[in-house]
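Asks: below is the sequence, then the predicted model.
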Amino acid sequence: MCGRFALLGTPEEIEALMGLMDVEAFPARYNIAPTQPVLMIVSGETPPPGSNRPDRRALLVRWGFIPGWVKDTANYPLMINARSETAIDKASFRTAMRHRRALIPASGFYEWRRDGKNKSQAFWIRPKHGGVIAFAGLYEPWANAEGSEMDTGAILTTSANETLRPIHDRMPVVIDPKDFSRWLDCKTQEPRHVADLLKPAQADFFEAIPVSDKVNKVANMGPDIQERVSEGALEAKKPLRQKPPESDDQMKLF
């Protein structure tokens, strides 16, 4: 799964990677948590006149997917991830898979490996080549009973590759830049046409850096949470499913 991630790239880096123009300035975010706003890139409506850039736009989306048909969120689960293998078959995600696919710029993500009943080790997982990458995402507009609207979203996950499997059995789907247009094209590319993109990253794509438990608290938002700590070699053992620490709902949109 993916319960925390980071976005450290500059607006200029994101513009260059995503083919956007005029991305608003924003600070580096080292500890993005569920219910917080996240940046998503989606397909636009019409090609920009006289532009050779792809037609894309940026959205600020609440991380936590809410299907449009949900009336009351009080008893609805917080859906921050969607399993890519089954999303098209799930009532919650079926419409978004067909009509509202997105890219989520990220510099890496955090995962926790359980080392015992009451002990876990956090890892900062980043691309070896550095820079900004794009997770596959879904978004959905949602309106409450008073008519107030917001966009909500989730990260698509897949089975972990052999490098990350000792830590956790799931990882975010990473979309290669050459496939951005195909993934975002919901007009001519049905879910079955882009199913081949929903796969684990190659084994040498990410590196996992053990970090302290500072990342467990959402209030810790500085670069120190990514500092390496002493850690033995990762043992190739069957992972236990591990939820990230609970968010304290900082920046919550509700």
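Replies: The structure has been received and is ready for your questions. Numbering: from 1, shown residues only.

Asks: which strands or helices does the helix or strand harbouring I104 pack on?
Replies: I104 is part of strand 101-106 when elements are defined by DSSP states H and E. Judged by 3 or more Cβ pairs under 8 Å, 6 or more residues apart in numbering; DSSP states H and E, strand 101-106 is in contact with strand 4-7, helix 11-18, strand 37-43, strand 133-143, strand 149-159, helix 180-184. (Each C-beta comes from the backbone N, C-alpha and C, glycine too.)

Asks: dump these into CSV; add mean pLDDT and mean neighbour count as well.
Replies: Formatted as CSV, the helices and strands packed on strand 101-106 follow (pLDDT from 0 to 100; neighbours: other Cβ atoms under 10 Å):
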stretch, mean pLDDT, mean neighbour count
strand 4-7, 98, 23
helix 11-18, 94, 16
strand 37-43, 96, 22
strand 133-143, 96, 22
strand 149-159, 97, 21
helix 180-184, 97, 19
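
Asks: mind checking the ones you listed for the one nearest to F109?
Replies: strand 4-7 (3.9 Å; Cβ to Cβ).

Asks: residues in contact with that closest one?
Replies: 28-33, 38-39, 105-110, 124, 132, 135, 155, 172, 215, 226, 244 (Cβ atoms under 8 Å, 6 or more residues apart in numbering).

Asks: low-confidence stretches in the stretch 51-200 of the chain?
Replies: Within the stretch 51-200 of the chain, the stretches with pLDDT under 70 are 51-53.

Asks: now list the buried members of the contacts of strand 4-7.
Replies: The neighbour-count test (16 or more other Cβ atoms under 10 Å) marks 29-33, 38-39, 105-110, 124, 132, 135, 155, 172, 215, 226, 244 as buried among the contacts of strand 4-7.

Asks: rewinding a little: mind checking which of the helices and strands packed on strand 101-106 is nearest R192?
Replies: helix 180-184 (12.5 Å).

Asks: who does that closest one touch, helix- and strand-wise?
Replies: Using 3+ Cβ pairs under 8 Å, 6+ apart: helix 180-184 touches strand 37-43, strand 101-106.

Asks: residues making contact with it?
Replies: With Cβ under 8 Å, 6+ apart as the criterion, helix 180-184 contacts 18-19, 41-43, 54, 56, 101-103, 134, 136, 175, 189, 193-194, 197.
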